[in-house]
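J.: structure here, sequence nowhere to be found:
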């Protein structure tokens, strides 16, 4: 059979619903990535944003926005539960 292509570095990914707390965590993660990236195997960083609208980090952190399955996740106080439910959908179209 066919062999897999040779791996070329690490692509760091994180998921987010755009909430203030997750944006704070993502900023720290991305800045740390930029600090350690030179000379390391970490080559790429992508944040998967699962909500129906852009947020403040779109211009600051490399982001792919994927519409959530549930419109309430953009405004609900129960975002964390809905976000966990939507995470597999967020990753599936990109793989």
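T.: Yep, that arrived. Note that the coordinates shown come from a computational prediction; the quantities given were computed from them, not determined experimentally. Numbering: from 1, shown residues only.
J.: next secondary structure after the longest helix seen in the chain?
T.: Taking DSSP state H as the criterion, the chain has its longest helix at helix 20-36. Helices and strands here follow DSSP states H and E; after helix 20-36, the next one along the chain is strand 42-50.
J.: quick one: that next one to helix 20-36, angle?
T.: 170 degrees (axes from the mean of the first three to the mean of the last three Cα atoms, to 10 degrees).
J.: any idea of the mean pLDDT in strand 42-50?
T.: What strand 42-50 shows for mean pLDDT is 93.
J.: other SSEs contacting the following helix or strand past that strand?
T.: Once strand 42-50 ends, the next helix or strand along the chain (criterion: DSSP H and E) is strand 63-66. The contact analysis (3 or more Cβ pairs under 8 Å, 6 or more residues apart in numbering; DSSP states H and E) places strand 63-66 against strand 42-50. Where you see a C-beta, it was placed from the backbone N, CA and C, and this is true even at glycine.
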